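Student: quick one: sequence and predicted model below, then my questions.
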Amino acid sequence: MLTTAQIQGMGRPLLDKLFAALGQTVTVYRAQVPATAPGAQPPPEYDERGELVTPAPADPTPTTPGAGVSLGDFPCMAAQLDAKDKADLGGEIAVPLWEVYVHWSAPLDEPGLHLVVTGGEVPEPLHLTPIGDVVDETTQRVVWVLTARATQGRSA
């Protein structure tokens, strides 16, 4: 019977070589959480002189809409699903879907993520949002696997 350490010792080095050869990187962001209900404006707070007490927070990632604080860059492999793979998911989905394999060290074990894939055959940054659970494939912390939709609704 193989132990977790043995599986990690065999799987991780092979995947590290594969990720390096493909040259893709994913930047993982915690998704921004709205301060109030969608569409509602928070009540302004003013001091006795009429100046705002709580100014709106600055966007931590102005060039990446919807992304909050960056959790780091990690090697990955992203591939767009074809029509058969999308149908196997159980329905017709009009937006492009991607299957992404991410390095085991990425912090993907909590919900609320925004991913940006760059490099390899992706011509420009690809913004993705997971549409289901992020799975620790083999449950041995060797590689994360997820299905995501392109937030900008485009293909590679």
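Tutor: The structure has been received and is ready for your questions. Residues are numbered from 1 along each chain as shown.
Student: quick one: low-confidence ranges for this structure?
Tutor: Applying pLDDT under 70 to the chain picks out residues 32-44, 47, 52-67, 87, 89-93, 153-156.
Student: residue nearest the middle of it, spatially speaking?
Tutor: L115 (2.7 Å; C-alpha atoms, centre = their mean).
Student: quick one, helices of the chain?
Tutor: 4-22, 83-88 (DSSP state H).
Student: contacts only, for Q152.
Tutor: H127 (C-beta atoms under 8 Å, 6 or more residues apart in numbering). For the C-beta atoms, the positions are set from N, CA and C on the backbone; glycine is no exception.
Student: next one: the residue nearest to the centre of the chain from C76, what distance?
Tutor: Using C-beta to C-beta, to the nearest Å, we find L115 at a distance of 8 Å from C76.
Student: list the residues that contact both of the two?
Tutor: Contact criterion C-beta under 8 Å, 6+ apart; residues shared by L115 and C76: V26, V100.
Student: wait, H103 sits on A20?
Tutor: No: using C-beta atoms under 8 Å, H103 is not in contact with A20; the gap is 10.5 Å.
Student: what touches both of those two?
Tutor: Common neighbours of H103 and A20 (C-beta under 8 Å, 6+ apart) are P75.
Student: with neighbour numbers in mind, choose between the two.
Tutor: H103 (21 against 9; other C-beta atoms under 10 Å).
Student: ok, and the closest non-adjacent residue to L97?
Tutor: Residue nearest to L97 in three dimensions, not counting chain neighbours: L81, with 4.5 Å by C-beta to C-beta, 6 or more residues apart in numbering.
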